[in-house]
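Novice: Sequence below, structure please.
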Amino acid sequence: MACRISELVLDAADPERLAAFWSGVLGYVELGREDDGSIEIGPPDTGFGGPQPTLVLSPGTDPRPGKLPLHIDVNATDRDQDAELRRLLALGARPADVGQTGKEDWHVLADPEGNEFCLLRARIRPL
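Specialist: Got it, this is the predicted structure:
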């Protein structure tokens with residue numbers, strides 16, 4: 001038996017804002033809120049425990065010492081990469097420079113709080 005990732009927890013200065021952003025990016029819905037201000041978002045039909053991990057946006061104000069050792073990669077499911085890039089930018093993502101050469105076939109972006117993530121080229125089948 002093996003483990004699988006069930007949720008990812010991301011500290012956020014503004015959990016409400018990041019929950020709205022990542023819900024828009026991933027097509028997730030709010031699943032619940034905790035007394036500490038954490039907001040969990042996930043797939044609308046399955047929620048926690050389904051094939052996709054949920055995201056927990058947890059209040060946190062500690063400054064990051066540098067680049068996060070983990071980042072999220074996303075792939076479009078129903079449009080090409082250029083159209084998805086435009087959609088993500090409209091949601092509030094912004095280009096991020098992590099030393100790319102310009103020859104990559106992915107885009108490095110940052111969410112509204114500066115957390116880097118990548119939009120990969122390949123379109124994948126939705127779940």
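
Novice: contacts, neighbours, all on C-alpha from now
Specialist: Fine.

Novice: domains of the protein?
Specialist: The record's domain split for the chain, according to automatic domain parsing, is 1-60, 69-127.

Novice: Now the residue nearest the centre of the chain. Nearest residue, chain neighbours left out?
Specialist: When C-alpha atoms, centre = their mean is applied to the chain, the residue found nearest the centroid is residue 22 (5.0 Å). Leaving aside its chain neighbours, residue 22 sits nearest to residue 28 (7.4 Å; criterion: C-alpha to C-alpha, 6 or more residues apart in numbering).

Novice: picking up where we left off before, my guess is the residue nearest to the centre of the chain contacts residue 30. True?
Specialist: No: taking C-alpha atoms under 8 Å as the definition, residue 22 is not a contact partner of residue 30, at 10.4 Å.

Novice: can you give me the mean pLDDT across stretch 29-44?
Specialist: For stretch 29-44, mean pLDDT rounds to 96.

Novice: Now do the buried residues in it.
Specialist: For stretch 29-44, burial by neighbour count (16 or more other C-alpha atoms under 10 Å) applies to 29, 30, 31, 38, 39, 40, 41, 42, 43.

Novice: Quick one: the helices in the protein, in order.
Specialist: Using DSSP state H, the helices assigned to the chain run over residues 15-26, 81-91.

Novice: what sits up against the shortest one?
Specialist: Going back to what we said before, that points to helix 81-91. With contact meaning C-alpha atoms under 8 Å, 6 or more residues apart in numbering, helix 81-91 is reached by 21, 24, 25, 75, 76, 107, 119, 120, 121, 122, 123.

Novice: Please tell me how far it is from the chain's geometric centre.
Specialist: 14 Å (C-alpha atoms, centre = their mean, to the nearest Å).

Novice: What values do phi and psi take at the closest residue to residue 58 other than its chain neighbours?
Specialist: Closest residue to residue 58 apart from its sequence neighbours, by C-alpha to C-alpha, 6+ apart: residue 38 at 4.3 Å. Main-chain dihedrals, residue 38, degrees, to the nearest 10: phi -70, psi 140.

Novice: That's all I had, so thanks and see you.
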